[in-house]
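In: Let's see this in three dimensions:
(one chain, ligands or ions: 2)
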Amino acid sequence: MTAPVKVVFEDVHKDFPTKDGDLKVLAGIDLEVNAGELVCLLGPSGCGKSTLLNICAGFEKPSRGRVTIDGEPVAGPTSKRVFVFQEYGIFPWASVWDNVALGLRHLPKKEQYRIIGETIELVGLTGFERAYPMELSGGMKQRVEVARALAVSPDVIYMDEPFGALDSLTRLTMRAELVRIWQQQQQTILFVTHDVDESVQLADRIVVLTDRPGRIADVVSIDLPRPRDLGSAEYGSIKNRLYELLGVSHSV
Ligand SMILES: Nc1ncnc2c1ncn2[C@@H]1O[C@H](COP(=O)(O)OP(=O)(O)OP(=O)(O)O)[C@@H](O)[C@H]1O
Ligand SMILES: [Mg+2]
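Out: Numbers count the residues shown, from 1 in each chain. Ligands and ions are numbered 1, 2, ... in the order given. Here you go, the predicted structure:
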């Protein structure tokens, strides 16, 4: 059985006005994302990835075309759809527990405690509930950010290079963790990256964007079983294909 369609981009264009005329950033994006799918948006710097995600999240309006979620046009940000940013969005003055609690204030206390405890466990931070962000490593802070997003039971999660500021080993761990959590929870995830490895490790499908103005160069399905063997021949050939689509040579 195929999952229902969740997010639909229809002929999405975006121009930003500048003093030298309009800057064309997105030029006709058509895409369907299924419920529970983990889709990576991969493309060179400045091609419009963040803009596309911001339009989907309702922070920006398309100049032409539209995005619908569950058949409804996106009108603005909602609490069921959350953003995980690269720069730490957590509050430095609040403990891990209180950071995760922030989106749950409307719930009865007992319900809040249950969700916060479960979410902190899910991201592997049990024992650090009372710690403050300054006492945590970069990877742990990013786990708090992920926990804060997951706590509100979102159905769509937008991630804009969320692990970009982490060192390469922590980044690998966080990708594995994200896949583990997503397999348990099955939210729809739109994940922006310019990292080819990251996209192949994570995605069900990779949407490869061209240079600005961003168009879809191709959509590559990744059927490799999880956990993925980063040394396998299939993995290498998918990466080669992606580099080709991006028009870059990866031999130096
Ligand atoms: N609010 C804005 N006003 C004017 N121009 C903008 C605005 N937001 C983005 N741009 C321009 O649109 C283009 C695409 O930006 P965007 O941030 O979407 O790229 P990106 O693919 O996410 O790049 P990166 O990989 O570097 O994050 C850039 O040239 C940027 O300068
Ligand atoms: Mg960006």
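In: can we go C-alpha only for contacts and neighbour counts from here?
Out: Noted.
In: ok now the lengthiest helix in the chain, how far from the chain's centre?
Out: Secondary structure of the chain read by DSSP state H shows that its longest helix is helix 168-185. Relative to its chain's centre, helix 168-185 lies at 12 Å (Cα atoms, centre = their mean, to the nearest Å).
In: in that helix, what counts as buried?
Out: With burial defined by 16 or more other Cα atoms under 10 Å, the residues of helix 168-185 counted as buried are 170, 171, 172, 174, 175, 176, 177, 178, 179, 180, 181, 182.
In: show me where pLDDT drops low in this structure?
Out: 1, 86-88, 250-252 (pLDDT under 70).
In: Which positions in it make contact with ligand 1?
Out: Applying Cα under 6 Å from any ligand atom, one finds that the chain approaches ligand 1 through 16, 25, 44, 45, 46, 47, 48, 49, 50, 51.
In: between those residues, which has the most around it?
Out: residue 49 (26 neighbours; other Cα atoms under 10 Å).
In: For that one, grab phi and psi.
Out: Main-chain torsions, residue 49, degrees, to the nearest 10: phi -60, psi -50.
In: which ones are touching it?
Out: By Cα atoms under 8 Å, 6 or more residues apart in numbering, residue 49 lies in contact with 41, 42, 43, 192, 209, 214.
In: out of these, which one sits closest to ligand 1?
Out: The closest of the contacts of residue 49 to ligand 1 turns out to be residue 43 (Cα to the nearest ligand atom; 6.4 Å).
In: and the helix or strand that contains residue 83, which residues are buried?
Out: Using DSSP states H and E, residue 83 falls within strand 81-84. Burial within strand 81-84, assessed by neighbour count using 16+ other Cα under 10 Å, is assigned to 81, 82, 83, 84.
In: tell me what it is packed against?
Out: Counting contacts by 3 or more Cα pairs under 8 Å, 6 or more residues apart in numbering; DSSP states H and E, strand 81-84 packs against helix 49-57, helix 138-151, strand 156-160.
In: How about the backbone phi and psi for the residue in the stretch 101-250 of the chain positioned nearest to ligand 1?
Out: Nearest residue of the stretch 101-250 of the chain to ligand 1: residue 194, at 6.0 Å (Cα to the nearest ligand atom). The phi/psi pair for residue 194 (degrees, to the nearest 10) reads phi -110, psi 10.
In: That one against residue 42, yeah?
Out: Yes: with contact defined as Cα atoms under 8 Å, residue 194 reaches residue 42; the gap is 5.2 Å.
In: neighbour count winner among the two?
Out: residue 42 (25 against 18).
In: Which other helices and strands does the stretch of helix or strand residue 23 belongs to contact?
Out: According to DSSP H and E, residue 23 maps onto strand 21-34. On a contact count with 3+ Cα pairs under 8 Å, 6+ apart, strand 21-34 meets strand 5-18.
In: ends of stretch 218-234, how far apart?
Out: 18 Å (Cα to Cα, to the nearest Å).
In: sorry, that was for stretch 199-219
Out: Using Cα to Cα, the two ends of stretch 199-219 sit 12 Å apart.
In: start the count at 21, not 1, going forward
Out: New numbering, starting at 21: the last item is stretch 219-239.
In: For ligand 1, give me its nearest residue in the stretch 71-220 of the chain.
Out: Closest point on the stretch 71-220 of the chain to ligand 1, by Cα to the nearest ligand atom, is residue 71, at 3.7 Å.
In: which ones are touching that residue?
Out: residue 80.
In: swap the cut-off to 10 Å and go again
Out: 34, 45, 46, 77, 79, 80, 81, 82, 234 (Cα atoms under 10 Å, 6 or more residues apart in numbering).
In: How about the contacts made by the closest residue to the last one other than its chain neighbours?
Out: This points to residue 234. Closest residue to residue 234 apart from its sequence neighbours, by Cα to Cα, 6 or more residues apart in numbering: residue 46 at 4.5 Å. The contact partners of residue 46, by Cα under 10 Å, 6+ apart, come to 31-36, 67-69, 71-72, 82-84, 229-236.
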